[in-house]
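In: Generate a structure from the sequence data that follows.
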Amino acid sequence: MLRLLRLGLPYFALVLLACLDAEARVLPVPVPQELRSSDFTVEVNGKPVDVAHAAESYDFVNFDTTEAVTVSITASQDGFWDHGVDIQPWRLGIRPTLKGRTIRFRLKTPAKLSISRPGDFLNHAQMLFLFASRPPQRLPSAAALHIIAPGIHRGSLNPQNGDTYYLEPGAVIFGSLNLWKVHDVKVMGRGVIVYDGPQNPRDDDGWMQKPDWHCVGAFEASHIEISGLTCVVRSRTWSIQMKDSTNLLYDDVRVIGGNPGNANQDGMDWLGGGDTIVRDSFFRSSDDVFAMQGNWDGYTEDEIKQPGHDVSNILVENSVLSTSISNIVRAGWPEKTFNSRNFTLKNSDILHGGIGSCGLPFALFTFWGARGAVGNHSGYTFENLWLDDWYSLFQIEQENPGLQGFTFRNIWALEQPPLVTSEVKGPVKNIRLENVKYGQTVVTSNSHLPLLVSSDAQQPVYAAGDKRVRASFQVTPAILQPQTRATFTADKTTDPHARYTWLFGDGTTAEGLRVHHRFADARGTELNGTDIAGAGRFRVILHVQSRAKPGATDVPEDWAERGVTVVGHWHEAAAKAPASAGLSYRIYPGSWPDFPVFAKETSMKNGVTPTLASTDTSGFTHYAATYEGMIQVPADGGYNFHLMARDGARLTIDGILLVQTGPPFAEVCGSSNNAVRYESGSIGLRAGKHTLRLETLQTMSEGPARLLWDGPGIGLTDVPAKALTHSTTDSLVQSQSAVSSPAATTKP
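Out: Here you go, the predicted model:
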C-alpha cells in the first residue's frame, strides 16, 4: 500500500529551498536500485547521473540544470556506436565526439533529447532519452499537501478534491494516478509513475475507462495540473486517458511507452472534453501520440456507433514527440459520431512520425472518418513544427457532413521526402499549406507534396512564408573535402535587421548573412560516414529570425536544411566501354525472407529496363531481383543515394555496399503490405561512369523500390533513366532465359 507523508507548506518550502541551493547548478534525479539500467553510464559535468530503465529497450535520465553542461554517455556494449550516433531534435545541431564506447557533447540549454543509432527508432530500438530541465517552480500554497519521499512505493495515487501531491526526486510509484470525478488537484515534482498492468499483451483492452488501468486516468475530472512527472508505461494500454474531463494542464511531463506488441499504447487520449494545455513535454508512444474521440466503449458495431461527446480547445506546444508506429495526431474513427474543434499543435519537434498504415497511411495528422462516420470537425492548426523522421504529412477522410479549417503553417522537414502520398477524401474544405518545406524547398502544389485529392474534396491553398525571414542558402565550392574553406551564403530577406544563425552539423555555429567554415572530417553529422565510401553528409541548418522587439511573443522565423557532403577520398570512374540504355535485370521467383546468394540461384526472367518501375516481371508477384549496369556521374563531387523499399533493397556503387533499407516492418490492421523503409548513403565520385548493382525483394508488398540521388547541381530527385546504362557485352542481353509459370511464385 502506498505510504505518503502529509505535511504543512512551511516544511515543504525548506525542502525545496535545500534542493535549489545556488551552489548546486546541476541537480541529478536519483533512481532507486530496482529501476536502474546498466546499458548506459551517464555523466554530467563529470559527475555520474543515474540511468533508469523505462520500457522495452528504452532508458532515460532526468536532471535539472541552470547552466550549459557537458554530457558523457558510455554504452555497455562494445562497438555500440560503430555505425553512428543520432541525437535529436535535429534543429539543435548536436554532434558528439566519439571515443570507443563513449560519446560526449555540450548541451547549451535545457532540452529533451532522443539518443540512438541512425535509423534505429522502431519498437525494438535501444534508445536513451535525456531530460535536462530547469528546476521546478515553487508550489503554491495548498491546504492539503502530500509529499512522497524518494524510494519505491507500490499502490496508486487517488487524490481527493483540492489535494496537492509533490513527488520528490527519486520517488517511484508502481501503480496509477487516478483522477476520478475530482477537481482542483495538483501533482508536481520530479517523481516517476511506472504502470505495468494486467492487460492482454496480444489484444486491445487498454481502452477501458476504470481506475488502475492507465498511468494517468481521468474521468469527469476538472481543473487538474500535472507538472514534472515522468510516466512509464510497460503494458498494452493507453498512457494518459481523459474521459469527459476539462481544464487540464500538463507541464513538463515525460511519457515513455513501449510494449512487445508495438500497438494500442497511445500517449494521450481525449474521450469527450478538452480545454487542455500540454506544454514543454515529451512523448514516446507505441501508437498515436495524441488521439481524440467522443467516446470509446468497445469494438462491437453497436459500441463503435454509440454517439460521443464533443472534444474541443486543445493546445500542445513546445514539446518533443515520437512514436514507434502510427500517427502524431489522430482524430476520428470509422463509424464514430462526435464533433471536434480547435486543436493546435505548435512550436514542437516531431522526432519519429509513424511508419506504416492502419486503414490510412500514418502521418503527422490523420482524420479517419470512414464508413459512415458523422460529425462536424473544424479548426485544426499545425504550426512551427520541425520534422525529423516522417512518413506523410496528413491523411484526411470523412463522409458526412464534413471537415473544414485545417492549417499547416511553417512545417520544416529534413531533406528526406515524404515516404507515401498524403490524401484528402470526401467533403473536406479550407485546407491551407503555408511555408511547408522539406530541405530548402517550399511545397507549392499537390504533385510536389505529393497529395491526392478525391471524392469532392476542395483543393488546398498553398502559400509562401513570411518574406521578411525566408530561409534558403547556397554553398561554394561544389566540391568539399576536409579543411576546405566553404562559403555559406544566405538569400537576403526583406528584413534588413534579420538574424542569420548557422548550425553546420558538426557541433559548431556561426552568425551572419555570409559565413565561412571548414569541416574537420568526412564522418558526417551522425558519425556514420565510412572510410570505404569516403564521404559523410553534414546536416547544415540556417535559422533566419526577425529581430525581436522588447516584449514580443510571436517573432517571425524560418528554417532551411541542406545536406552537405564532404569527401574524404575519391572513387575513380570506370574505363569507357560499349553500353546501351537501361539496366539489365534478373528475376528470381520466391517468397524470400532475406536476400538470397544470387550466384547460387537461377533466374527465371532476364531483361533490360529503363527504370525500376517499368520492369517486366512476366506476372511474377513474389520474387527477388537484381539490376546491374552503370550510372553516369555528371561532375566530380559528393553524391548521396536514397533508397525507398517496402520488402527490402540494397545498393552497391563501385563494389561498395552503400545503402540498405532496414528489415521489413509489417503494416497493421490486417494490411498485407510492409511499410516503406528509407535509407541513404554518401560517396565521393569522379565524373564518368560508375558500376551500379541494386538488389530488391518483392515478397508481399505492392510497388517497386525507388532510387533517388542528389549531388553537385542535382537536387533530390529520382535517378533519371538517361543516367543508367548497361554493358552490351553482358551475356544477359544476348539471350533471355525462358520464363516459368507465374503461378510458381513461392520458393519451396
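
In: And stretch 500-514, what's buried?
Out: Burial within stretch 500-514, assessed by neighbour count using 16 or more other Cβ atoms under 10 Å, is assigned to Tyr500, Thr501, Trp502, Leu503, Phe504, Gly505, Asp506. Where C-beta positions appear, they are placed from N, C-alpha and C, glycine not excepted.

In: From the chain's centroid, how far away is that stretch?
Out: 24 Å (Cα atoms, centre = their mean, to the nearest Å).

In: what do you get for stretch 494-501?
Out: 30 Å.

In: what's the first-to-last distance across stretch 186-197?
Out: End-to-end distance for stretch 186-197: 24 Å, by Cα to Cα, to the nearest Å.

In: how about that stretch: buried residues?
Out: Across stretch 186-197, burial judged by 16+ other Cβ under 10 Å covers Lys186, Val187, Met188, Gly189, Arg190, Gly191, Val192, Ile193, Val194, Tyr195, Gly197.

In: ok, the last one touching Ser235?
Out: Yes. Counting by Cβ atoms under 8 Å, Ser235 is a contact partner of Gly197 at 4.4 Å.

In: ok, which stretches of this structure are helices?
Out: 9-19, 301-305, 731-734 (DSSP state H).

In: Can you tell me the closest non-neighbouring residue to Ser392?
Out: Residue nearest to Ser392 in three dimensions, not counting chain neighbours: Ala363, with 4.3 Å by Cβ to Cβ, 6 or more residues apart in numbering.

In: Now do the domain split for the chain, please.
Out: As given by automatic domain parsing, the domain ranges for the chain are 5-132, 469-567, 579-734.

In: Of the ones you listed, which shows the lowest average pLDDT?
Out: Across the domains of the chain, domain 5-132 has the smallest mean pLDDT, namely a mean of 87.

In: Flag the shaky bits of the stretch 101-250 of the chain, pLDDT-wise.
Out: Across the stretch 101-250 of the chain, the ranges flagged by pLDDT under 70 are 137-143.

In: Show me the strands in the stretch 351-500 of the chain, by range?
Out: 357-358, 360-361, 365-390, 394-413, 422-425, 428-438, 441-442, 451-454, 461-463, 473-476, 486-490, 499-503 (DSSP state E, counting those that start in this stretch).

In: And for the stretch 1-150 of the chain?
Out: Using DSSP E, counting those that start in this stretch, strands in the stretch 1-150 of the chain cover 5-6, 26-28, 40-44, 47-49, 52-53, 58-65, 69-75, 86-88, 97-99, 102-107, 111-116, 127-133, 144-148.

In: Would you check that Pro135 makes contact with Val29?
Out: No. With contact defined as Cβ under 8 Å, Pro135 does not count as touching Val29 (11.2 Å).

In: So between these two, which is more surrounded?
Out: A direct count of neighbours by other Cβ atoms under 10 Å for Pro135 and Val29 places Val29 higher, at 25 against 17.

In: was I right about the more buried one contacting Glu168?
Out: No. Judged on Cβ under 8 Å, Val29 makes no contact with Glu168 at a distance of 9.5 Å.

In: what residues are shared contacts of the two?
Out: Common neighbours of Val29 and Glu168 (criterion: Cβ atoms under 8 Å, 6 or more residues apart in numbering): Arg190.

In: Could you measure from Thr725 over to Gly688?
Out: Applying Cβ to Cβ, to the nearest Å, the value for Thr725 to Gly688 is 12 Å.

In: And Gly206, by the same measure?
Out: The gap separating Gly206 from Gly688 is 58 Å, by Cβ to Cβ.

In: So those two - more neighbours on which side?
Out: Using other Cβ under 10 Å as the criterion, Gly206 and Gly688 rank with Gly206 on top: 24 against 17.

In: Surely that one touches Asn264?
Out: Yes. Counting by Cβ under 8 Å, Asn264 is a contact partner of Gly206 at 5.0 Å.

In: between those two, what contacts are shared?
Out: Common neighbours of Gly206 and Asn264 (Cβ under 8 Å, 6+ apart) are Arg236, Thr237, Trp238.

In: Closest to Gly359 out of those residues?
Out: Trp238 (18.8 Å; Cβ to Cβ).
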